[in-house]
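Chemist: sequence and computational prediction follow.
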Amino acid sequence: MRIELVRRPNRSRAMAVLSPLVAIFLTVVAGFLVFSAVGVDPFRALYIYFIEPLTAWWSVEALIVKAVPIVIIAVGLSLCFYSNTWNIGAEGQLVAGAMAGSALPILFPDFQGPLVMPLMLILGIAGGMAYGAIPALLKTRFGANEILTSLMLVYVAQLMVDWLARGPWRNPAGHNFPDSRPFDGDQILPVVFGDSVRLNAVFAIVIAVIAWFVLRRTITGFQITVLGQAPRAGAFAGFSHKKMVVLAFLISGGLAGLAGICEVAGPTGMLRTSVSPGYGFTAIIVAFLGRLNPIGIIFAGLLLALSYMGGEGVQIELGMSDQITRVFQGMLLFFVLACDTFIFYRVRLVRTPAAGARAEGA
Amino acid sequence: MEMFEGIVLTIITAATPLLFAAIGELVTERSGVLNLGVEGMMAVGAVCGFAAAHLTDQPVIAIAAAAAAGALMAALFGVVTLIFVGNQVASGLALTLFGLGFSALIGNAYVGIPGIGLPKLDIPVLSDIPLVGPIVFGEDPLTYLAIVLAVGVWWFLFHTRAGLILRAVGDNHVSAHSLGYNVIKVRFLAVMFGGACAGLGGGYLSLVYTPQWTQNMTGGRGWIALALVVFATWLPSRIVIGAVLFGAVSILQLHAQAIGVGIPSQFLSMLPYLTTVIVLVIISRDRTLLRVNTPACLGQSFVPDR
C-alpha cells in the first residue's frame, strides 16, 4: 500500500476553502492527543483553550488587541511570500520599529500635541523599513540568503532593545525596573472601541483592504504575482526581481515596524526588554493560513490570537507551560501546509507496490 | 597557559553541538531538501536526552534518546514535505515552532534539576601530556563521535555509491528518478539522518555543555548550523572549520563579558549572530564557489510522474 499524488487538471476551488477548515479540525484532534499525553483532561483543556476566551466580552476584546499586530504583520508578509521572498525576521523589524518610534517620547518626554502620535508612527514604520532593508540589500547586492540573515537580525534587535531598556533608556524614577518611562497623553494610541481596542485595529482593516486592492487591481500587484509564481515569465516581461525583493522587504518591514510601535504606544505603554510574544513569527502562520489573501488573513489572525489567549488560559487554570501556544501554532502550520496539497493534487492509494519502490513512512 | 588550555577546551565544547547539527543538515541538503527546523529538532533532542538521562541514569540511552527524538521530528517534516509536498521553507519553520513549544511542554517537569553529565574520556598517559593531552585526548566521548561523524559523512558522500546516489537525487531529481532511484525514499532517509544529528547536537547541550534543561537553551544554534552549511559550501571538511570558528566567537564573547571589557554584554552577545550575517555575505559574494557545490534541486519538491 502506498500513497500516490496525482496532479489535478485545475486547482480545486472546494479544497481551497475546505483545507484551512480541515487543518483547524486536525489541529484540535492533535491537541486532544497532546493534552491526553501530558495527563490533562483533554475536554476541559480544549474548552479552556478554544471556547472560554470567547465567553466573556473583555476577553474577546483582548483577543482583538492581540490579533491586530499579527494581522498587520501578516498582510506585509503575504506580499513577501507571494513574490517568493522569504522574510522570516518580521519579529526583528517589529522590535526595530518599536525602538525607533519610542525614541520620541523617551528622549522628549514633555513633547505633547497632535503631532506626536503621527511622528511616532512614521518613525516606527521607518525603523521597521530600515531594518528590513538590511537583509534585502544583502540579498540583492551579495546574494546572501535572506532567510538566515533576516532571522539572525531578530536576535540582534532583541538584544538591542534589552540594552536600551536596561541601560540608556531606563526610567530614572522606575525603581530599577528595566522599563522606559511610561508614555502619557498624546504619546498613547487612542482607544476607539470598548475599553482596549485601539486605533491600530482601524489600521489593520485599512491595510488589509489596500493590500487586497494592490494585489488584485494594480500593475505592481501583477508584477508581484508574476515574479512569485513564474519568475522566468516575469524576467522576460522586464520585471526586476531585485526591485521586487527590496520592495517586499520594505513593505513587510514597515508594517512590522508599525505593529511594533503600536504595541509600545498601546497595550504596553512603555518600552520594555521584550516587545512582543513572537507576533512576528505567528504572522508567518497567519499569512499561510489566510491563503496569502489579505481578507483571509484577518480571520486567520483572530484564530491565532485565540491560540495566545488559550495558552494563557491553560497556564493559569491547569498550570501548563504557556509554550503550548507554540505547539498548537506549529501543528496548525503543519496541517495547513499538508492540506494545501489537496488543492493541487488528488491522493490515490495504490495496492501493489512496484518492486523496491515503496513509499516511506506514511 | 592553563587559561589558554581552558579556552581551547571550551571552544571545542561550544563547537560540538554546531558540528552535529550542521553535518546532519549538510546530508539533508545534499539530497535536495532544505529543513529549516534544525532549531526545533535540537530543542526536542535536548529535552528527550535530558529526560532519558534522568529516568535511566544511562548515558548511552540518553544519547540514543536524543538522536531518536530528533529523527522522529524530522520524520514529521518528511511526511509533510516529501509525501504531501508541502512548502519546505514554511514546513521547516513549523517544525521549529512546534519543537520549541513541545520541548518546553515536556521539559516543564525537568526545570531546575541538575543533569548527570557525561564522563570524560581519560586515557591514562596520553591525557597527562601538558597542553596537548587534555585537548586531544581528554574530551567527552560525544565530541569524538561528532568528529567521526564528519569524517564518515565525507567518506560516504564522496567515496561510496550510496553517497553518489544521494548527491544525484539532490542535483537532479528528475534524472535520478528516470534512472530508477527512489527519490522520496533517499530524501526521507537523509532527512531522518539530519534529524538524528540535530537531536544529538541538542542532547550534547543538555547532557554535556550545560548539564541541565532550560527553555530555549538552543539559543539560535540551529539557525547558526544552517548558516554553517552555506559557509561550508556543502563540504564536510569546511563544516568542521566553521563549527570551531563559531564556537570560538561564542566563547570569546563570553570571556570578554566575564573580564568586563566595558562593552555592554548585549553587544557581545550579538557577536555570534552578526558574525553569521557577515560570513554569509562574504561567502555569498563568490557565486562560482557556491554554484559548484550547491545542490541544484535544493528546496524543490518532487512528485514522481507515473
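Modeler: The structure has been received and is ready for your questions. Numbers count the residues shown, from 1 in each chain, chains lettered A, B, ... in the order given.

Chemist: show me where pLDDT drops low in the chain?
Modeler: Looking at chain A here, since you left the chain open. Applying pLDDT under 70 to chain A flags residues A:1, A:352-362.

Chemist: oops, wrong one, chain B.
Modeler: For chain B, the stretches with pLDDT under 70 are B:1-2, B:117-138, B:305-306.

Chemist: so in it, which helix runs the longest?
Modeler: helix B:2-30 (DSSP state H).

Chemist: could you list the buried residues of stretch B:58-72?
Modeler: B:59, B:62, B:63, B:64, B:65, B:66, B:67, B:68, B:69, B:70, B:71, B:72 (16 or more other C-beta atoms under 10 Å in any protein chain shown). All C-beta atoms are positioned from the backbone trio N, CA, C, and that covers glycine.

Chemist: report the secondary structure element holding the fourth one.
Modeler: Under the criterion DSSP states H and E, the helix or strand holding residue B:64 is helix B:59-78.

Chemist: next structured bit after that helix?
Modeler: helix B:88-107.

Chemist: report all helices and strands that that following helix contacts.
Modeler: helix A:279-289, helix A:324-344, helix B:38-56, helix B:59-78 (3 or more C-beta pairs under 8 Å, 6 or more residues apart in numbering or on different chains; DSSP states H and E).

Chemist: restricting to C-alpha, output it in CSV.
Modeler: Extracted C-alpha coordinates of helix B:88-107, given in CSV (Å, rounded to 0.1, in the frame of the first residue of the first chain):
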residue,chain,number,x,y,z
GLN,B,88,9.8,23.2,2.6
VAL,B,89,10.6,26.7,4.0
ALA,B,90,7.3,27.0,5.7
SER,B,91,7.3,23.4,7.0
GLY,B,92,10.7,23.9,8.5
LEU,B,93,9.5,27.0,10.3
ALA,B,94,6.5,25.0,11.6
LEU,B,95,8.9,22.3,12.8
THR,B,96,11.0,24.9,14.7
LEU,B,97,7.9,26.5,16.3
PHE,B,98,6.5,23.1,17.2
GLY,B,99,9.8,21.8,18.5
LEU,B,100,10.5,24.8,20.7
GLY,B,101,7.0,24.7,22.2
PHE,B,102,6.9,20.9,22.6
SER,B,103,10.3,20.8,24.3
ALA,B,104,9.2,23.4,26.7
LEU,B,105,6.0,21.5,27.4
ILE,B,106,7.7,18.2,28.2
GLY,B,107,10.7,19.9,29.8
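
Chemist: just how off-centre is it within its chain?
Modeler: In terms of C-alpha atoms, centre = their mean, to the nearest Å, the centre of helix B:88-107 is found 16 Å from the chain centre.

Chemist: next to chain B, which bits of the stretch 201-350 of chain A? Give me the list.
Modeler: Contacts of the stretch 201-350 of chain A with chain B, taken as C-beta under 8 Å from any C-beta of the partner chain, map to A:281, A:284-285, A:288, A:320-321, A:323-331, A:333-334, A:337-338, A:340-341, A:345.

Chemist: centre-most residue in chain A?
Modeler: residue A:283 (1.2 Å; C-alpha atoms, centre = their mean).

Chemist: so who does that one touch?
Modeler: A:70, A:71, A:73, A:74, A:77, A:90, A:256, A:301 (C-beta atoms under 8 Å, 6 or more residues apart in numbering or on different chains).

Chemist: try it again with 10 Å
Modeler: By C-beta atoms under 10 Å, 6 or more residues apart in numbering or on different chains, the residues touching residue A:283 are A:69-78, A:90-91, A:94, A:252, A:255-256, A:259, A:290, A:297, A:300-301, A:304.

Chemist: repeat that for residue B:197.
Modeler: Counting by C-beta under 10 Å, 6+ apart, residue B:197 has contacts B:19-28, B:38, B:41-42, B:45, B:67, B:70-71, B:74, B:146, B:149, B:153, B:225.

Chemist: any idea how far it is from residue A:275?
Modeler: For residue B:197, the distance to residue A:275 equals 34 Å [C-beta to C-beta, to the nearest Å].

Chemist: before we move on, back to that, also near chain A: which of the buried residues of stretch B:58-72, exactly?
Modeler: By C-beta under 10 Å from any C-beta of the partner chain, no member of the buried residues of stretch B:58-72 lies near chain A.

Chemist: quick one: is the helix or strand containing residue B:240 near chain A?
Modeler: Element membership for residue B:240, per DSSP H and E: helix B:236-259. No. If you take C-beta under 10 Å from any C-beta as the test, helix B:236-259 misses chain A, and the best it gets is 11.4 Å.

Chemist: for residue B:116, helix, strand, or coil?
Modeler: coil (DSSP: H, G, I helix; E, B strand; the rest coil).

Chemist: so what's it up against?
Modeler: Contacts for residue B:116 were tallied using C-beta under 10 Å, 6+ apart; they are B:50, B:53, B:54, B:56, B:57, B:58, B:59, B:62, B:207, B:211.

Chemist: over to residue A:142?
Modeler: A:149, B:280, B:281, B:282, B:283, B:284, B:285, B:286, B:287.
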